[in-house]
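**Student:** I would like the atomic coordinates for the input below:
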Amino acid sequence: MEINLELLIKHIKKTGEVINVSFNSESTTSTLVLERGKSGDNGSNRIYLDFSDFSKILLINNILGDNGKLVHEKKKLNESNSIEKGKFIRKFETNVEELIYETLAKYIFQMLNASKGKIYFPEIICLDVHKNFFGG
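**Tutor:** Numbers count the residues shown, from 1 in each chain. Sure, this is the predicted structure:
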């Protein structure tokens, strides 16, 4: 699965958070560094996500997987008749973007704001490695 960083930043901005993203190539596992603020702001808060975390986050939140929400969206698209197909394709693309990027944006927002001691999106399930960001 490909994650478009521009779309990720756009959806995080919808939560009210402005971030910049960089790539840490010095560690043994490549990670993304997500920092509060615009580039050059030297934000006070940063989090690190391994690239593999993204698919795990989407799996645990039932977006990906054999019975995930994307499977249901694809099923709706395939069940549409040829006359409606164009309309359904556009809706499918919009729904897929929202499912993926809104889930990731909420997850990242919670991690960046964990120090406030509040759970902003209780519907988001976290990975065990990130429990301390989600009140666990």
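**Student:** how about the residue of the chain positioned farthest from its centre, secondary structure?
**Tutor:** Residue farthest from the centre of the chain, counting by C-alpha atoms, centre = their mean, is Ile83 at 32.9 Å. At Ile83, secondary structure determined by DSSP: H, G, I helix; E, B strand; the rest coil is coil.
**Student:** Give me the pLDDT for Gly40.
**Tutor:** On pLDDT, Gly40 comes in at 69.
**Student:** What helix or strand is the residue nearest the centre of the chain located in?
**Tutor:** Centroid-nearest residue in the chain, with C-alpha atoms, centre = their mean: Leu104, separated by 1.3 Å. In this structure, Leu104 sits in helix 85-112 according to DSSP states H and E.
**Student:** same for that helix, what does it pack against?
**Tutor:** Applying 3 or more C-beta pairs under 8 Å, 6 or more residues apart in numbering; DSSP states H and E, one finds that helix 85-112 contacts helix 5-14, strand 31-36, strand 46-50, helix 51-60, helix 69-79. All C-beta atoms are positioned from the backbone trio N, CA, C, and that covers glycine.
**Student:** and that helix with helix 51-60, angle?
**Tutor:** Counting by axes from the mean of the first three to the mean of the last three C-alpha atoms, to 10 degrees, helix 85-112 points 110 degrees away from the direction of helix 51-60.
**Student:** List the buried residues in helix 85-112.
**Tutor:** Of all the residues in helix 85-112, those buried under the rule 16 or more other C-beta atoms under 10 Å are 88, 92, 95-96, 99-112.
**Student:** cool, and stretch 111-119?
**Tutor:** 111-114, 119.
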